[in-house]
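In: I'd like to go over a predicted model; first the sequence, then the structure.
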Amino acid sequence: MKTIPLFASAVLALLVGCSEQPASAVAPSVTDDALAGQAASLPQSEAAPAMPAGPVVVYSSRQEYLIKPIFDRFTEETGIEVQLQTGEEGPLIARLQAEGNATFADILYTVDAGNLWSAANKGLLQSISSPTLEAAIPANLRDPQNQWFGLSVRARTIVYSTARVQPAELSSYEALADPKWKGRLCLRTSKKVYNMSLVATLIDRLGEAKTEEVVKGWVANLATGPMSSDNLIIQAIAAGQCDVGVVNTYYLGQEQQKDPAIPVALFWANQAESGVHVNVSGAGITAHAKHKDAAIKLIEWLSSAEPQQLFSELNLEYPANAAIQPVALVQGWGPFKPDPINVETAGRLQAQAVMLMDRADYR
Ligand code: FE
């Protein structure tokens, strides 16, 4: 089996600090002209005759370096070509909506269940029946209507300064609202969907009033204004600007690859009760896919052993397929209990979470 050595991901992590598209990095592999050429030859009605197997067109908010090697392996194995259109999730979803049944996108692939839920809620995805996906992907990591499937798992948990904090002082996301952390907490902006999803799951678990109290407590404890990336939080903790923060674990992996001695460690939040907040990157078949069978084949293949392992190697994530082990660096963080809540909750309660964070003055 072909694998990509860890050092390659270290280099990539240095080049690009985040797993999603930055605002400026849109690098389509399919030109709009090429798509316009296809438009002329494609029937517009939903009752179109069966199309040949591919190419499968994927609209993806994930950066090309994280997924292209995986899609290339699929093409090698199946002969089905994959055309990638990458961009930010908001514009990609808007584009899918604007294109309607004329779209060439067969698959929408993005990070965070909040984004996938939003696309499904706009009627942009379709339910599929796939015993392969239902067997490979745990039920809480996919849409209850099977409109999208988690393909890799990210854990969002607490990080702390190994110089100034004892792990015994830590327990839960909620406890970071305790006044003992005043002036010691760093958080990423509430505009990031990762935090909307975390707060959405808190609302589901604690109720709105208690969650608002918690978020107000976080805001009162901030050492500095909300930050634009998880990497900056980890670097601020290492530099002594704050003592604790909340990040997706692969960002710590990136920082550890740059500096193995970085004085920041992970703490698995809420192990005594709900478990660590996990989210997914995932994909769904678009409502007007022209190559549905090939697209299903691709998503099914993505849930199999080799690509599942590649997700872990390329972005230091956890495989969604529980039968596959993550890479050594990720395994080194130890086992944890994940929150078993269906990640779909992150989407369903997203608007409520955004309003709550606004009321709590979390910017
Ligand atoms: Fe990310």
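Out: Received it, and whenever you're ready, just let me know what you need. Numbering: from 1, shown residues only.
In: roughly how far does residue 102 sit from the ion?
Out: Residue 102 sits 31 Å away from the ion when distances are taken as C-beta to the ion, to the nearest Å. C-beta here means a position set from N, CA and C on the backbone, and glycine is covered the same way.
In: ok, residue 67 next?
Out: Counting by C-beta to the ion, the separation of residue 67 from the ion is 13 Å.
In: and what of residue 207?
Out: Using C-beta to the ion, we find residue 207 at a distance of 28 Å from the ion.
In: now that residue: how far from residue 84?
Out: To residue 84, residue 207 is 42 Å away according to C-beta to C-beta, to the nearest Å.
In: what does residue 304 give?
Out: Using C-beta to C-beta, residue 304 is found at 20 Å from residue 84.
In: compare those two and say which is more crowded by neighbours.
Out: For residue 304 versus residue 84, neighbours defined as other C-beta atoms under 10 Å are more numerous around residue 84 (20 against 16).
In: contacting residues for residue 226?
Out: Residue 226 sits next to 187-190, 362-363 when contact means C-beta atoms under 8 Å, 6 or more residues apart in numbering.
In: just the closest of those residues to residue 349, please.
Out: Sorting these by how near they are to residue 349, with C-beta to C-beta, puts residue 190 at the top with 14.2 Å.
In: tally of neighbours for the residue of the stretch 151-300 of the chain found nearest the ion?
Out: Closest residue of the stretch 151-300 of the chain to the ion, C-beta to the ion: residue 248 (5.6 Å). Residue 248 has 25 neighbours, counted by other C-beta under 10 Å.
In: that one contacts residue 153, correct?
Out: No. The pair residue 248 / residue 153 is not scored as a contact, 10.3 Å apart, by C-beta atoms under 8 Å.
In: which neighbours do these two have in common?
Out: In contact with both residue 248 and residue 153: residue 279, using C-beta under 8 Å, 6+ apart.
In: follow-up on the earlier one: and the residue of the stretch 151-300 of the chain closest to the ion, how far is that from residue 121?
Out: 24 Å.
In: please apply the same query to residue 95.
Out: Distance from residue 95 to residue 121, by C-beta to C-beta: 17 Å.
In: try residue 184
Out: To residue 121, residue 184 is 38 Å away according to C-beta to C-beta.
In: neighbour-wise, which of the two wins?
Out: The neighbour count for residue 184 versus residue 121, taken as other C-beta under 10 Å, is higher for residue 184 (20 against 13).
In: got a list of what the residue nearest to the more buried one when sequence neighbours are not counted touches?
Out: Spatially, and ignoring its direct neighbours in sequence, residue 184 is nearest to residue 243 (4.1 Å; C-beta to C-beta, 6 or more residues apart in numbering). Each residue near residue 243 by C-beta under 8 Å, 6+ apart is listed here: 160-161, 164-165, 181, 184-185, 223, 237.
In: tell me who's in contact with the residue positioned nearest the centre of the chain.
Out: Geometric centre of the chain, nearest residue: residue 111, 3.2 Å, by C-alpha atoms, centre = their mean. By C-beta under 8 Å, 6+ apart, the contact set of residue 111 is 19-20, 61-62, 89, 154, 193, 279-281.
In: which ones are touching the nearest residue to residue 177 once chain neighbours are set aside?
Out: Nearest residue to residue 177 in three dimensions, chain neighbours excluded: residue 217, at 2.4 Å (C-beta to C-beta, 6+ apart). Neighbouring residues of residue 217 by C-beta under 8 Å, 6+ apart: 176-179.
In: quick check: residue 217 vs residue 185, distance?
Out: Separation of residue 217 from residue 185 (C-beta to C-beta): 9 Å.
In: between those two, which contacts overlap?
Out: With C-beta under 8 Å, 6+ apart, residue 217 and residue 185 have common neighbours residue 176.
In: longest strand in the protein, please.
Out: strand 149-161 (DSSP state E).
In: close to the ion, is it?
Out: No. Contact of strand 149-161 with the ion (C-beta under 5 Å from the ion) is absent, the minimum separation being 7.1 Å.
In: next SSE after that strand?
Out: strand 185-186 (DSSP states H and E).
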